[in-house]
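Sequence and predicted structure, then a few things I'm wondering about:
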2 protein chains.
Amino acid sequence: MYDILRKYIDRVTAAVIPDEEFVYIEQAFDTKGVKRKQFLLHEGSVCRYMSFITSGAMRQYTIDDNGAEHITILAIEGWWMSDRGSFMSLTPSRYNIDAVEDTELLVTTLDKITRLKEQSLTFLKMAHILDQNHSVAAQKRIEAGISYTAEEKYRYLMRTHPEFFNRFPQSMLASYLGLTPETMSRVRKQVLSQ
Amino acid sequence: MYDILRKYIDRVTAAVIPDEEFVYIEQAFDTKGVKRKQFLLHEGSVCRYMSFITSGAMRQYTIDDNGAEHITILAIEGWWMSDRGSFMSLTPSRYNIDAVEDTELLVTTLDKITRLKEQSLTFLKMAHILDQNHSVAAQKRIEAGISYTAEEKYRYLMRTHPEFFNRFPQSMLASYLGLTPETMSRVRKQVLSQ
DNA sequence: AAATGCGATTGATACAGATCAATGGAAACG
DNA sequence: CGTTTCCATTGATCTGTATCAATCGCATTT
């Protein structure tokens, strides 16, 4: 499992991490399994883990006042999962995180990450790049939310994350895009017929 | 102008930055004025500046295929403004940035920031906290986009950024929320009458 | 193999918010 | 100081997407 994280760090930083640095990373991360439909985080509790998915699929979502779910993050192997706000400030989260497939994780805590950033320059660099990528992606998703039609949202997801379509049920993709499952189904039909 | 940035750094890091560190920061930032309606960044060009607003107000926006503007960022004094993706990777931006009021900035470049993060631990810390805050705010805004009604979006903006209402025309606030000016006006009437 | 349940599809209808259009007021400008 | 431009408001109408409802298929359980 650790070699998946290692390859990921190499790819993101466009370098090869030295063995003596990677030792620190191995020490900082524990393995953890989460079965399908089991929770990694419940609304109201503090998100104590920052998790790297080595296999499987997860989602983060909120439940609004009417009881409707809204998926805020979908993630598969090679992605990070946590509620960053809760994790960094140790405040209760408003989100739930559960596994959509049986999932294997490498998890670490805030203390360990803080130490790790001092011990490994490569890890620090990776964290920076991660922040940046996350920020750019979030910006685009905000833009999609305020300016795209249902069809444009569908095409946007197909372009940016085609791999999601064979990993998550269509109803979850709909929620992730802010659409109902019915609209998603109709848009799909429309798009595929052209 | 520099003392505004100084106070900002002190507040964000919850510390008092030593004089010997702040010297580096002063050296890294130049002052720059942008008159109302003038541009700081044009779509298609690289965003070479990371700017701290000391006074005034700015917006970032895209123009879609139908020629409609969509405001992605609104910012006033005490906020940062740039296209992070373009700035970090030196690629052409898809956004425009212009001044809504006559604006005074402290601007720096990628090279200078990189050096500054090595020279000043306080600045590095500030950058981290900034990333984190930005990430949390972006997450909430995405959530608003996929799950809020027009009225909820209006209330959300009133709750999180009441100061925007006397700084930006209502039509810009509407665009920022992904509403038409007409809907914004009607929602406003509705909300204020209760 | 039957039973159960979840997800996708399809149709009918409702509604929130967009669009089109006109008016009025206030700020910016020559 | 008049003129122009921008912005907010209001009304009428249209439309994209949600909602409600029924059916179907496939996978999981017993």
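Received it, and whenever you're ready, just let me know what you need. Numbering: from 1, shown residues only, chains lettered A, B, ... in the order given.

make it CA atoms for all contacts and neighbour counts henceforth
Will do.

Is stretch A:140-150 in proximity to DNA strand C?
No. Stretch A:140-150 is not in contact with DNA strand C by CA under 7 Å from any atom of the strand; minimum separation 8.4 Å.

Now do the buried residues in that stretch.
Within stretch A:140-150, the residues that count as buried by 16 or more other CA atoms under 10 Å in any protein chain shown are A:141-148, A:150.

now what about that stretch, what contacts it?
By CA atoms under 8 Å, 6 or more residues apart in numbering or on different chains, the surrounding residues in contact with stretch A:140-150 are A:153, A:177-179, A:183-184, A:187, B:70, B:72, B:138, B:141-142, B:145-146, B:175-179.

and it, anywhere near DNA strand D?
Yes. Judged by CA under 7 Å from any atom of the strand, stretch A:140-150 and DNA strand D are in contact via A:148-150.

Please compute how far that stretch lies from its chain's middle.
With CA atoms, centre = their mean, to the nearest Å as the basis, stretch A:140-150 stands 19 Å off its chain's centre.

List the contacts of the residue in chain A positioned nearest to DNA strand C.
Closest approach between chain A and DNA strand C, counting by CA to the nearest atom of the strand: residue A:170, at 3.2 Å. Going by CA under 8 Å, 6+ apart, residue A:170 touches A:181, A:184-185.

Spell out for me the ChimeraX command that would select the buried members of these.
Buried residues among these (16+ other CA under 10 Å), as a ChimeraX selection:
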select /A:181,184
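
Within reach of DNA strand D, which of the contacts of residue A:170 are there?
residue A:184.

so can I have CSV of the contacts of residue A:170 showing distance to DNA strand C, pLDDT and secondary structure?
Formatted as CSV, the contacts of residue A:170 follow (distance: CA to the nearest atom of the strand, whole Å; pLDDT from 0 to 100; DSSP: H, G, I helix; E, B strand; the rest coil):
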residue, distance to DNA strand C, pLDDT, secondary structure
A:181, 5, 97, helix
A:184, 7, 97, helix
A:185, 4, 97, helix
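
Return the member of the contacts of residue A:170 nearest to residue A:29.
Of all the contacts of residue A:170, the one with the least separation from residue A:29 (CA to CA) is residue A:181, at 37.5 Å.

So the closest one sits against residue A:169, correct?
No. Look at residue A:181 against residue A:169 with CA atoms under 8 Å: they stay out of range, at 9.8 Å.

And residue A:72, its phi and psi?
phi -100, psi -30 (degrees, to the nearest 10).

typo on my end, residue A:56
phi 110, psi -170.

Burial check on it, number of neighbours?
The local packing of residue A:56 (other CA atoms under 10 Å in any protein chain shown) involves 21 other residues.

Tell me which residues touch it, please.
A:76-77, A:99-104 are the contacts of residue A:56 under CA under 8 Å, 6+ apart.

do residue A:60 as well
Counted by CA under 8 Å, 6+ apart, residue A:60 has contacts A:71-74, A:95-98.

change it to 6 Å
Remark: with contacts taken as CA atoms under 6 Å, 6 or more residues apart in numbering or on different chains, residue A:60 is in contact with A:71-73, A:96-97.

same check, this time on residue A:102
A:34-36, A:56.

Now with 8 Å, please.
Residue A:102 touches A:33-36, A:56-57, counting by CA under 8 Å, 6+ apart.

By neighbour count, which of those wins?
residue A:57 (24 neighbours).

Show me how far the longest helix seen in chain A is from its chain's centre.
Longest helix in chain A, counting residues (DSSP state H): helix A:121-147. In terms of CA atoms, centre = their mean, the centre of helix A:121-147 is found 12 Å from the chain centre.

Now it: buried residues?
Quick answer for helix A:121-147 (16+ other CA under 10 Å): A:122-124, A:126-127, A:131-132, A:135, A:138-139, A:141-147.
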